[in-house]
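K.L.:
I would like the atomic coordinates for the input below:
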Amino acid sequence: MQATHYERIGGEDKVLALVTRFYDLMDTLPEAYGIRKMHPQDLASSRQKLFEFLSGWMGGPQLFIEKYGHPRLRARHMPFAVDASARDQWMMCMRQALAEVVDDKTLAAELEAAFYQVADFMQNQGGGPAAGMGGIQIR
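P.N.:
Numbering: from 1, shown residues only. Predicted structure coming up:
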């Protein structure tokens with residue numbers, strides 16, 4: 001049986017490290033200002049929710065679903081103007097976090113590709129996402 005992305009990344013500690021680094025980058029990089037201003041001043045809740053979501057999305061414990069139900073990512077992001085620039089800022093932070101936290105370069109590349117599909121799907125301004133990406137789940 002093939003290991004899940006959650007197992008391959010190193011479980012809870014590594015997912016938490018990825019989320020922590022992602023938000024640290026988003027909070028400090030001037031190039032991420034557009035997406036940073038979409039978040040509350042205190043990022044604690046955002047960090048926790050992304051950690052819970054990624055745990056299940058990567059094939060680990062379904063923490064987000066247990067607390068909040070189905071993620072409905074696109075619907076949850078509708079209050080925010082998510083365009084290609086926001087997608088690219090989000091991906092810049094995630095790409096750097098992956099490079100710094102994930103030692104397995106093959107895994108980092110797989111996750112980056114999957115994250116891009118999800119980030120692209122989140123677009124709700126300026127033409128929207130590529131068709132057919134709504135049910136993206138990795139394991």
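
K.L.:
going forward, measure contacts and count neighbours with C-alpha atoms only.
P.N.:
Fine.

K.L.:
Name the SS class of Gly60, please.
P.N.:
Secondary structure, DSSP: H, G, I helix; E, B strand; the rest coil: Gly60 is coil.

K.L.:
Can you get me a residue count around it?
P.N.:
By other CA atoms under 10 Å, 19 other residues sit near Gly60.

K.L.:
Am I right that it is in contact with Arg8?
P.N.:
No: between Gly60 and Arg8 no contact is recorded; they are 10.5 Å apart, counting by CA atoms under 8 Å.

K.L.:
could you show me where the helices are in this protein, in order?
P.N.:
Applying DSSP state H to the chain gives helices spanning 5-9, 12-28, 33-36, 44-57, 63-68, 73-77, 84-101, 105-121.

K.L.:
so what's the residue nearest in space to the middle of the chain up against?
P.N.:
The chain has Phe115 as the residue nearest its centroid, 6.1 Å off, counting by CA atoms, centre = their mean. Counting by CA atoms under 8 Å, 6 or more residues apart in numbering, Phe115 makes contact with Met91.

K.L.:
Output the helices of the chain as JSON lines; include the columns mean pLDDT.
P.N.:
Below are the helices of the chain laid out as JSON lines (pLDDT from 0 to 100):
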{"stretch": "helix 5-9", "mean pLDDT": "97"}
{"stretch": "helix 12-28", "mean pLDDT": "98"}
{"stretch": "helix 33-36", "mean pLDDT": "95"}
{"stretch": "helix 44-57", "mean pLDDT": "97"}
{"stretch": "helix 63-68", "mean pLDDT": "95"}
{"stretch": "helix 73-77", "mean pLDDT": "85"}
{"stretch": "helix 84-101", "mean pLDDT": "97"}
{"stretch": "helix 105-121", "mean pLDDT": "96"}
